[in-house]
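A.B. asks: let's see this in three dimensions:
(one chain, ligands or ions: 1)
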Amino acid sequence: MSNRVVLVTGAARGLGAVVARRFHEAGYRVALADIAVEAAQSVAQDLSVDGSSACAIKLDVTSKADFEAARDTLLDRWGAIDVLVNNAGASRVVPVMEITAEQFDRVIDINLRSVLFGCQVFGQYFATQGAGRIVNIASLAGQNGGSATGAHYAAAKGGAITLTKVFARDLAPCGVTVNAISPGPLDLPVVHESVPAEKLAQVIASIPVGQLGSAAYVADAAVLLASAEARFATGACWDINGGLFMR
Ligand SMILES: NC(=O)c1ccc[n+]([C@@H]2O[C@H](COP(=O)([O-])OP(=O)(O)OC[C@H]3O[C@@H](n4cnc5c(N)ncnc54)[C@H](O)[C@@H]3O)[C@@H](O)[C@H]2O)c1
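C.D. replies: Numbering: from 1, shown residues only. All right, here's what the predicted structure looks like:
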(Lines give C-alpha, C1' and ligand atoms only; values in the text may rest on other atoms or scores of the structure.)
Protein backbone atom coordinates (compact mmCIF):
# COMPACT_ATOMS: atom_id res chain seq x y z
CA MET A 1 0.00 0.00 0.00
CA SER A 2 1.51 3.34 -1.03
CA ASN A 3 1.12 6.37 1.17
CA ARG A 4 0.18 8.58 -1.74
CA VAL A 5 -2.95 10.71 -1.44
CA VAL A 6 -5.21 11.90 -4.26
CA LEU A 7 -8.15 14.31 -4.26
CA VAL A 8 -10.66 13.78 -7.07
CA THR A 9 -13.33 16.43 -7.69
CA GLY A 10 -16.78 15.42 -8.92
CA ALA A 11 -16.19 11.92 -7.53
CA ALA A 12 -19.75 11.17 -6.40
CA ARG A 13 -20.60 9.47 -9.68
CA GLY A 14 -19.61 9.01 -13.31
CA LEU A 15 -15.99 9.32 -14.36
CA GLY A 16 -14.89 10.81 -11.02
CA ALA A 17 -16.14 7.77 -9.10
CA VAL A 18 -14.30 5.47 -11.51
CA VAL A 19 -11.11 7.58 -11.22
CA ALA A 20 -11.36 7.41 -7.41
CA ARG A 21 -11.79 3.63 -7.55
CA ARG A 22 -8.79 3.09 -9.87
CA PHE A 23 -6.52 5.28 -7.71
CA HIS A 24 -7.70 3.32 -4.67
CA GLU A 25 -6.94 0.03 -6.42
CA ALA A 26 -3.48 1.44 -7.21
CA GLY A 27 -2.89 1.83 -3.47
CA TYR A 28 -3.73 5.52 -2.97
CA ARG A 29 -5.68 7.04 -0.13
CA VAL A 30 -8.52 8.80 -1.92
CA ALA A 31 -10.55 11.91 -1.09
CA LEU A 32 -13.80 12.05 -3.05
CA ALA A 33 -14.82 15.70 -3.32
CA ASP A 34 -18.24 16.75 -4.61
CA ILE A 35 -21.17 19.08 -3.99
CA ALA A 36 -23.19 15.85 -3.74
CA VAL A 37 -21.39 14.87 -0.55
CA GLU A 38 -23.79 12.10 0.51
CA ALA A 39 -23.35 10.29 -2.80
CA ALA A 40 -19.58 10.81 -2.52
CA GLN A 41 -19.73 9.39 1.01
CA SER A 42 -21.45 6.26 -0.20
CA VAL A 43 -18.78 5.69 -2.90
CA ALA A 44 -16.08 6.32 -0.28
CA GLN A 45 -17.64 3.80 2.11
CA ASP A 46 -17.80 1.28 -0.67
CA LEU A 47 -14.03 1.71 -1.14
CA SER A 48 -13.11 1.80 2.55
CA VAL A 49 -15.67 0.83 5.20
CA ASP A 50 -13.68 2.34 8.09
CA GLY A 51 -12.66 5.47 6.15
CA SER A 52 -8.96 4.75 6.58
CA SER A 53 -8.20 4.90 2.86
CA ALA A 54 -11.17 6.78 1.35
CA CYS A 55 -13.22 9.73 2.55
CA ALA A 56 -15.75 12.21 1.17
CA ILE A 57 -15.26 15.98 1.26
CA LYS A 58 -17.90 18.61 0.46
CA LEU A 59 -16.37 20.86 -2.17
CA ASP A 60 -17.96 23.22 -4.68
CA VAL A 61 -15.35 23.63 -7.42
CA THR A 62 -16.49 27.17 -8.20
CA SER A 63 -15.23 28.26 -4.75
CA LYS A 64 -11.52 28.86 -4.09
CA ALA A 65 -12.22 28.79 -0.34
CA ASP A 66 -13.63 25.26 -0.71
CA PHE A 67 -10.41 24.08 -2.39
CA GLU A 68 -8.38 25.67 0.44
CA ALA A 69 -10.58 24.03 3.08
CA ALA A 70 -10.29 20.63 1.34
CA ARG A 71 -6.49 20.96 1.26
CA ASP A 72 -6.41 21.75 4.99
CA THR A 73 -8.84 18.94 5.86
CA LEU A 74 -6.73 16.42 3.98
CA LEU A 75 -3.46 17.62 5.49
CA ASP A 76 -5.01 17.23 8.95
CA ARG A 77 -6.35 13.79 8.09
CA TRP A 78 -3.53 12.16 6.16
CA GLY A 79 -0.63 14.63 6.47
CA ALA A 80 0.08 14.83 2.74
CA ILE A 81 -1.46 15.31 -0.69
CA ASP A 82 0.28 14.14 -3.85
CA VAL A 83 -2.26 14.36 -6.66
CA LEU A 84 -5.24 16.51 -7.68
CA VAL A 85 -7.64 15.35 -10.39
CA ASN A 86 -9.83 18.25 -11.55
CA ASN A 87 -12.70 16.13 -12.85
CA ALA A 88 -15.94 17.89 -11.86
CA GLY A 89 -17.81 19.29 -14.84
CA ALA A 90 -21.30 19.93 -16.13
CA SER A 91 -23.11 21.26 -19.14
CA ARG A 92 -26.60 22.40 -20.11
CA VAL A 93 -27.21 21.95 -23.81
CA VAL A 94 -28.46 25.23 -25.33
CA PRO A 95 -28.15 26.39 -28.96
CA VAL A 96 -25.20 28.78 -29.26
CA MET A 97 -27.34 31.76 -30.31
CA GLU A 98 -29.54 31.36 -27.21
CA ILE A 99 -26.96 31.04 -24.42
CA THR A 100 -27.66 33.69 -21.78
CA ALA A 101 -25.05 35.49 -19.69
CA GLU A 102 -26.12 33.49 -16.62
CA GLN A 103 -25.90 30.13 -18.43
CA PHE A 104 -22.52 31.04 -19.92
CA ASP A 105 -21.06 32.14 -16.59
CA ARG A 106 -22.36 29.07 -14.73
CA VAL A 107 -20.89 26.58 -17.22
CA ILE A 108 -17.59 28.49 -17.36
CA ASP A 109 -17.45 28.57 -13.55
CA ILE A 110 -17.97 24.82 -13.13
CA ASN A 111 -15.69 23.71 -15.97
CA LEU A 112 -12.98 26.39 -16.12
CA ARG A 113 -12.83 28.54 -12.99
CA SER A 114 -12.69 25.20 -11.16
CA VAL A 115 -9.45 24.32 -12.96
CA LEU A 116 -7.98 27.75 -12.21
CA PHE A 117 -8.73 27.50 -8.47
CA GLY A 118 -7.74 23.83 -8.19
CA CYS A 119 -4.39 24.47 -9.91
CA GLN A 120 -3.78 27.64 -7.87
CA VAL A 121 -4.49 26.12 -4.46
CA PHE A 122 -2.96 22.67 -4.97
CA GLY A 123 -0.24 23.88 -7.37
CA GLN A 124 1.00 26.28 -4.70
CA TYR A 125 0.96 23.57 -2.03
CA PHE A 126 2.72 21.05 -4.31
CA ALA A 127 5.35 23.68 -5.21
CA THR A 128 6.20 24.14 -1.52
CA GLN A 129 6.60 20.34 -1.27
CA GLY A 130 8.77 20.19 -4.42
CA ALA A 131 6.52 17.49 -5.90
CA GLY A 132 2.97 17.01 -7.08
CA ARG A 133 0.76 15.91 -9.95
CA ILE A 134 -2.32 17.61 -11.39
CA VAL A 135 -4.56 15.96 -13.99
CA ASN A 136 -7.30 18.08 -15.57
CA ILE A 137 -10.20 16.26 -17.23
CA ALA A 138 -10.89 18.30 -20.36
CA SER A 139 -12.93 17.04 -23.33
CA LEU A 140 -12.84 16.42 -27.05
CA ALA A 141 -15.36 19.30 -27.17
CA GLY A 142 -12.57 21.63 -26.09
CA GLN A 143 -10.57 20.64 -29.17
CA ASN A 144 -13.17 20.34 -31.93
CA GLY A 145 -15.94 22.66 -30.64
CA GLY A 146 -18.16 19.77 -29.58
CA SER A 147 -21.55 18.79 -30.91
CA ALA A 148 -24.07 17.75 -28.28
CA THR A 149 -22.56 19.52 -25.28
CA GLY A 150 -22.98 23.28 -25.76
CA ALA A 151 -20.69 26.08 -26.91
CA HIS A 152 -20.06 27.37 -23.38
CA TYR A 153 -18.93 23.87 -22.31
CA ALA A 154 -16.67 23.50 -25.36
CA ALA A 155 -15.15 26.95 -24.75
CA ALA A 156 -14.56 26.14 -21.08
CA LYS A 157 -12.87 22.84 -21.92
CA GLY A 158 -10.66 24.57 -24.52
CA GLY A 159 -9.74 26.99 -21.75
CA ALA A 160 -8.96 24.10 -19.40
CA ILE A 161 -6.47 22.72 -21.94
CA THR A 162 -4.85 26.16 -22.18
CA LEU A 163 -4.70 26.59 -18.39
CA THR A 164 -3.06 23.16 -18.21
CA LYS A 165 -0.17 24.50 -20.32
CA VAL A 166 0.10 27.74 -18.34
CA PHE A 167 0.26 25.96 -14.96
CA ALA A 168 2.56 23.25 -16.38
CA ARG A 169 5.09 25.89 -17.45
CA ASP A 170 4.79 27.80 -14.20
CA LEU A 171 5.16 24.74 -11.95
CA ALA A 172 7.69 22.68 -13.95
CA PRO A 173 10.75 23.97 -12.08
CA CYS A 174 9.08 23.01 -8.76
CA GLY A 175 8.71 19.27 -9.48
CA VAL A 176 4.99 19.63 -10.23
CA THR A 177 3.46 18.33 -13.46
CA VAL A 178 0.13 19.41 -14.93
CA ASN A 179 -1.53 17.44 -17.73
CA ALA A 180 -4.95 17.17 -19.35
CA ILE A 181 -6.95 14.23 -20.63
CA SER A 182 -9.48 14.89 -23.40
CA PRO A 183 -12.03 12.09 -23.61
CA GLY A 184 -14.54 11.65 -26.38
CA PRO A 185 -18.00 10.24 -25.50
CA LEU A 186 -17.65 7.66 -22.71
CA ASP A 187 -19.92 4.81 -21.69
CA LEU A 188 -21.17 6.69 -18.61
CA PRO A 189 -24.59 7.53 -17.13
CA VAL A 190 -24.56 11.19 -18.22
CA VAL A 191 -24.21 10.16 -21.89
CA HIS A 192 -27.16 7.74 -21.70
CA GLU A 193 -29.23 10.30 -19.75
CA SER A 194 -28.62 13.21 -22.11
CA VAL A 195 -28.59 11.51 -25.54
CA PRO A 196 -31.80 9.72 -26.70
CA ALA A 197 -31.20 6.04 -27.61
CA GLU A 198 -31.68 6.45 -31.38
CA LYS A 199 -29.35 9.47 -31.46
CA LEU A 200 -26.81 7.54 -29.37
CA ALA A 201 -26.72 4.79 -32.02
CA GLN A 202 -25.82 7.47 -34.61
CA VAL A 203 -23.16 8.92 -32.31
CA ILE A 204 -21.59 5.47 -31.84
CA ALA A 205 -21.72 4.79 -35.60
CA SER A 206 -19.81 8.06 -36.16
CA ILE A 207 -16.93 7.02 -33.87
CA PRO A 208 -14.14 5.43 -35.95
CA VAL A 209 -13.55 2.61 -33.43
CA GLY A 210 -17.33 1.96 -33.32
CA GLN A 211 -17.90 2.17 -29.56
CA LEU A 212 -18.11 4.53 -26.61
CA GLY A 213 -14.98 5.02 -24.52
CA SER A 214 -14.15 3.21 -21.30
CA ALA A 215 -14.13 5.35 -18.14
CA ALA A 216 -11.80 2.83 -16.48
CA TYR A 217 -9.21 3.34 -19.22
CA VAL A 218 -9.41 7.14 -18.82
CA ALA A 219 -8.97 6.62 -15.08
CA ASP A 220 -5.91 4.44 -15.68
CA ALA A 221 -4.41 7.18 -17.86
CA ALA A 222 -4.87 9.59 -14.93
CA VAL A 223 -3.16 7.11 -12.58
CA LEU A 224 -0.23 6.84 -15.01
CA LEU A 225 0.13 10.63 -15.35
CA ALA A 226 0.02 10.90 -11.54
CA SER A 227 2.81 8.44 -10.82
CA ALA A 228 5.88 9.72 -9.02
CA GLU A 229 7.94 8.56 -12.04
CA ALA A 230 5.96 10.71 -14.50
CA ARG A 231 8.32 13.67 -14.20
CA PHE A 232 8.88 14.25 -17.91
CA ALA A 233 5.24 14.36 -19.01
CA THR A 234 3.87 17.85 -18.44
CA GLY A 235 1.73 20.36 -20.31
CA ALA A 236 0.37 17.53 -22.43
CA CYS A 237 -3.15 16.67 -23.47
CA TRP A 238 -3.84 12.94 -23.79
CA ASP A 239 -6.55 12.40 -26.43
CA ILE A 240 -8.82 9.38 -25.79
CA ASN A 241 -11.56 9.76 -28.36
CA GLY A 242 -11.89 6.59 -30.47
CA GLY A 243 -10.35 8.35 -33.46
CA LEU A 244 -12.94 11.18 -33.61
CA PHE A 245 -10.19 13.82 -33.59
CA MET A 246 -6.59 13.37 -34.67
CA ARG A 247 -3.82 15.94 -34.75
N1 LIG B 1 -19.10 11.53 -19.91
C2 LIG B 1 -18.38 11.78 -20.99
O3 LIG B 1 -18.56 11.19 -22.06
C4 LIG B 1 -17.29 12.82 -20.92
C5 LIG B 1 -16.56 13.09 -22.09
C6 LIG B 1 -15.56 14.04 -22.04
C7 LIG B 1 -15.28 14.70 -20.85
N8 LIG B 1 -16.02 14.42 -19.75
C9 LIG B 1 -15.69 15.14 -18.53
O10 LIG B 1 -15.49 14.20 -17.49
C11 LIG B 1 -15.84 14.81 -16.24
C12 LIG B 1 -16.84 13.92 -15.51
O13 LIG B 1 -17.98 13.74 -16.34
P14 LIG B 1 -19.14 12.71 -15.99
O15 LIG B 1 -19.60 12.15 -17.25
O16 LIG B 1 -18.70 11.81 -14.91
O17 LIG B 1 -20.27 13.74 -15.43
P18 LIG B 1 -21.40 13.52 -14.32
O19 LIG B 1 -22.38 14.64 -14.54
O20 LIG B 1 -21.90 12.12 -14.31
O21 LIG B 1 -20.64 13.75 -12.93
C22 LIG B 1 -20.13 15.01 -12.60
C23 LIG B 1 -19.90 15.08 -11.11
O24 LIG B 1 -19.44 16.42 -10.81
C25 LIG B 1 -20.16 16.91 -9.70
N26 LIG B 1 -20.25 18.37 -9.74
C27 LIG B 1 -21.00 19.14 -10.57
N28 LIG B 1 -20.86 20.44 -10.24
C29 LIG B 1 -19.97 20.49 -9.21
C30 LIG B 1 -19.43 21.53 -8.43
N31 LIG B 1 -19.77 22.82 -8.64
N32 LIG B 1 -18.54 21.22 -7.46
C33 LIG B 1 -18.21 19.92 -7.21
N34 LIG B 1 -18.71 18.89 -7.90
C35 LIG B 1 -19.58 19.17 -8.89
C36 LIG B 1 -21.53 16.25 -9.79
O37 LIG B 1 -22.20 16.26 -8.53
C38 LIG B 1 -21.18 14.85 -10.28
O39 LIG B 1 -20.89 13.98 -9.20
C40 LIG B 1 -16.38 16.19 -16.57
O41 LIG B 1 -15.35 17.16 -16.46
C42 LIG B 1 -16.79 16.05 -18.02
O43 LIG B 1 -16.81 17.28 -18.68
C44 LIG B 1 -17.01 13.49 -19.75
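
A.B. asks: for the ligand, see how far away Arg92 is.
C.D. replies: Counting by C-beta to the nearest ligand atom, to the nearest Å, the separation of Arg92 from the ligand is 11 Å. Where C-beta positions appear, they are placed from N, C-alpha and C, glycine not excepted.

A.B. asks: that residue: what secondary structure?
C.D. replies: Classification of Arg92 by DSSP: H, G, I helix; E, B strand; the rest coil places it in coil.

A.B. asks: burial of it, as a residue count?
C.D. replies: 13 (other C-beta atoms under 10 Å).

A.B. asks: before we move on, what about the one 3 residues further on?
C.D. replies: Applying other C-beta under 10 Å, we find 8 residues neighbouring Pro95.

A.B. asks: how far away is it from Ala154?
C.D. replies: When distance is defined by C-beta to C-beta, to the nearest Å, Pro95 is 13 Å away from Ala154.

A.B. asks: now the lengthiest helix in the chain: buried residues?
C.D. replies: Ranked by number of residues, the top helix in the chain under DSSP state H is helix 151-171. With burial defined by 16 or more other C-beta atoms under 10 Å, the residues of helix 151-171 counted as buried are 151-165, 167-168, 171.

A.B. asks: all the strands of the chain, residue numbers only.
C.D. replies: Listed in chain order, the strands found in the chain under DSSP state E are 5-9, 29-34, 54-58, 83-86, 132-137, 176-183, 237-240.

A.B. asks: dump these to CSV, plus distance to Ser227.
C.D. replies: Below are those laid out as CSV (distance: least, C-beta to C-beta, whole Å):
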stretch, distance to Ser227
strand 5-9, 11
strand 29-34, 15
strand 54-58, 19
strand 83-86, 9
strand 132-137, 8
strand 176-183, 10
strand 237-240, 14
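
A.B. asks: okay, those in TSV with mean neighbour count, distance to the ligand and mean pLDDT next?
C.D. replies: Rendered in TSV, the data for the strands of the chain read as follows (neighbours: other C-beta atoms under 10 Å; distance: least, C-beta to the nearest ligand atom, whole Å; pLDDT from 0 to 100):
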stretch	mean neighbour count	distance to the ligand	mean pLDDT
strand 5-9	28	6	98
strand 29-34	28	5	98
strand 54-58	22	9	98
strand 83-86	28	8	98
strand 132-137	26	4	98
strand 176-183	26	4	98
strand 237-240	17	9	98
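
A.B. asks: shaky segments in this protein?
C.D. replies: Along the chain, the model assigns pLDDT under 70 to residues 1-2.

A.B. asks: what residues does it put near the ligand?
C.D. replies: Contact residues, the chain versus the ligand (C-beta under 6 Å from any ligand atom): 9-10, 12-16, 34-36, 59-62, 87-90, 110, 137, 139, 183, 185-186, 188-191.

A.B. asks: give me the buried entries from those.
C.D. replies: For these, a neighbour count by 16+ other C-beta under 10 Å gives the buried set as 9-10, 12-16, 34-36, 59-62, 87-90, 110, 137, 139, 183, 185-186, 188, 191.
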